[in-house]
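Trainee: could you work out the structure for the sequence below:
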Amino acid sequence: MKNKKASIERIPRIAFFVVLDAVCCFLAFALATWFLHSAVEDGYAFPFWAREAPGSALREYFTFTQVAVFALVFIGIFFLFRIYSSIWSVSGLNEGLMLIAGTGVGTAACLLINFLLPMIIGDYSPGFKNTGKVGICLAGIFLCAMVFITRFGWRIIRTLVKETGGRRLNSDKKPTLIVGAGYFGAYVHSQITNGHSDTDCYTAAFVDDNPAKVGMRIDGVKVMGTTDDISNIVKKKRIQEIIIAIPSISAKRQAEIVTICRDTKCHVRLVTPLSELNDIPTIHDIRETNIKDILFRQEVDLDERSIEDYIQHKCVLVTGGGGSIGSEICRQVAVFYPAKLIIFDIYENNAYELYCELKRRHPWLDVVIRIGSVRDKDRLDMVMEEFSPDIVLHTAAHKHVPLMEDSPAEAVKNNVFGTLNVLQAAEAHGVKRFVQLSTDKAVNPTNVMGATKRITELLVQQFAKNSVMRCMTVRFGNVLGSHGSVIPLFEKQIQSGGPVLVTDRNITRYFMTIPEAAQLVLQAGALGETGAIYVLDMGEPVKIYELAEKVIRFHGYKPNVDMPIEITGLRPGEKMYEELLTEEERNAMEKTAHGRILKAHPDPIDSLFFLEKLKELRELAEINSSAVVSCIEEIVPNFKHEEREQKLA
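Mentor: Down below sits the predicted model:
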């Protein structure tokens, strides 16, 4: 019904162009006849009604009947070439070629009819004569020019107006600089020109690092220089907004260009890099810049084939799937065509937002949400019985260090026994591969959160020894942009006017981006050695004080000038620096097939002692006893709880 209504609505537009083309056809043949015989003085009359006078040089003219037939032929050919179905306001090269092809085929058809029809009909063809071969070809050329003008004339006029008086027309719009004069830069410009951008702006200039493009024009807009010239161009053109339109850009180069652009104090946006997209970018993939765009991280080189081999056509369950890390793991899993993706989370809002995003990006993806807690063993059994997952990626955990210091029993219930519940349910329902996410805070822990994560590593090792299920742990440091991480906290402090709070001037942390962490987790899962602890190469540790200075500069302030940094002292359970490996693990560390993933051999554990202490820890946690910390220390001998040691001292 809707299609029928749309077809009816198109009829007036098509009728307009049919009449216009018929008029153009008559004018083209008239012009062709005049062009051929403009030098003839005797016997010349206006085309269609020309009469050949005795002794006249006039030999080629067309009757009204001939031109009417030729007009119908051209219109029919145009319908055949779907020229009347094009939207000319946004048409391009393909539509232009179809116009040329249509007039060319129409001209050939007219030549054939002009030759054959008089021979077939003979004397019964009044007003139709075998003449005008050169005239028909010439008329075809004129007609091609006319239909081009009728289709593209408005766009040509608009370009000329923009060149001559565009500044007056755009006086109320923001002058915008587009970085990148390639395909996507031209696309962004066309979207802005046609009013499809979400901001009221116009393209004032392009820049591109390809010297061959400098000085050239795109739709009349000049490529004024390279990225080194951005500052000068901003001043010269009074640029207010910069759009970085290079989807294939490397992370390092992106960080450099974003820094250059933000130093101009303009509003800066960029297209999401191809590495973070699953499709060709559009105008809707242009986003605001954020601090992660200037914190260059080495790009992850994935062995996609090995990841695909263990995820494709498999049912994957992600606990904590709505969280910052869990949601990115779901996004990365979706790329590898799982048979089903199950988002298991206790918080429904984040899970639902992720579900909507995944269905929009991957309409084919079979994704479901199940609300529940890893502390609820019955719920886990119910979900696993319903779907029989092949792979479980366990990201659910309490991760906030100071809060877990205040509520150690809750950290034990969720982190330790939540993991135990997931392991038991996974083993009981035939899960083939179990991957747990751990933290560098589990190495020589000084806080309850880190110690509970160390216990979960031991749990995974215990199951790996006694189960056919392949169990492994992936250990890494802080993740930029995750819930509770330091950068969002700094940004909130800046937005509220400061000061920016840093615990110690020399404190350091390992960092990686959320997509980077998620990709390496999947890569580690592909390595698949049961019982292994895979440690991600986090690069060099970062000084938090220097990171705070970068965030402040990113937001347009000067550190300790118009945005103060205040030193607050270490919080309970916080270390000056983090470690990725224990001393024993470091001595026995092995490289894997992937350059950025290391394998630590598990420490030997007394299984009987471990299980007995685990039972005791459960009993203490269930009554919320403060003795859970002492019990954790017995299970994790290298746990040095600073608050407890200070009290003993």
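Trainee: report pLDDT for the closest residue to Ile218 other than its chain neighbours.
Mentor: Nearest non-adjacent residue to Ile218, counting by Cβ to Cβ, 6 or more residues apart in numbering: Ala186, 5.2 Å away. (C-beta placed from N, C-alpha, C; glycine too.) pLDDT, Ala186: 88.
Trainee: cool, Ala204 as well?
Mentor: 90.
Trainee: return the distance of Val551 relative to Lys252.
Mentor: Val551 is 19 Å from Lys252, where distance means Cβ to Cβ, to the nearest Å.
Trainee: in terms of neighbours, single out the busier of those two.
Mentor: Between Val551 and Lys252, counting by other Cβ atoms under 10 Å, Val551 is the more crowded of the two (24 against 12).
Trainee: tell me the first helix or strand C-terminal of the one helix or strand the more buried one maps to.
Mentor: For Val551, the element it lies in under DSSP states H and E is helix 544-554. Proceeding N to C from helix 544-554, the next assigned helix or strand is strand 565-567, under DSSP H and E.
Trainee: and that next one, what's buried?
Mentor: Residues of strand 565-567 classed as buried: Ile565 (neighbour count, 16 or more other Cβ atoms under 10 Å).
Trainee: kindly report the same for stretch 144-152.
Mentor: In stretch 144-152, counting by 16+ other Cβ under 10 Å, buried: Cys144, Met146, Val147, Thr150, Arg151, Phe152.
Trainee: turn the residues you listed into TSV, including distance to Arg82, secondary structure and pLDDT.
Mentor: Supplementary listing: the buried residues of stretch 144-152 in TSV, determined by distance: Cβ to Cβ, whole Å; DSSP: H, G, I helix; E, B strand; the rest coil; pLDDT from 0 to 100:
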residue	distance to Arg82	secondary structure	pLDDT
Cys144	17	helix	89
Met146	19	helix	90
Val147	14	helix	87
Thr150	17	helix	84
Arg151	13	helix	83
Phe152	17	helix	80
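Trainee: shaky segments in the stretch 251-400 of the chain?
Mentor: By pLDDT under 70, the low-scoring segments of the stretch 251-400 of the chain are 275-279, 296-302.
Trainee: the residue nearest to Ile218 against Arg217, yeah?
Mentor: No: using Cβ atoms under 8 Å, Ala186 makes no contact with Arg217, being 10.8 Å away.
Trainee: neighbour-wise, which of these two wins?
Mentor: Taking other Cβ under 10 Å, Ala186 and Arg217 do not tie; Ala186 has more neighbours (18 against 12).
Trainee: host element of that one?
Mentor: Using DSSP H and E, Ala186 falls in helix 183-193.
Trainee: does Phe344 count as helix, strand or coil?
Mentor: Secondary structure, DSSP: H, G, I helix; E, B strand; the rest coil: Phe344 is strand.
Trainee: burial of it, as a residue count?
Mentor: 31.
Trainee: quick one: it from Ala426, how far?
Mentor: Counting by Cβ to Cβ, the gap from Phe344 to Ala426 is 12 Å.
Trainee: ok, now Phe609?
Mentor: For Phe609, the distance to Ala426 equals 25 Å [Cβ to Cβ].
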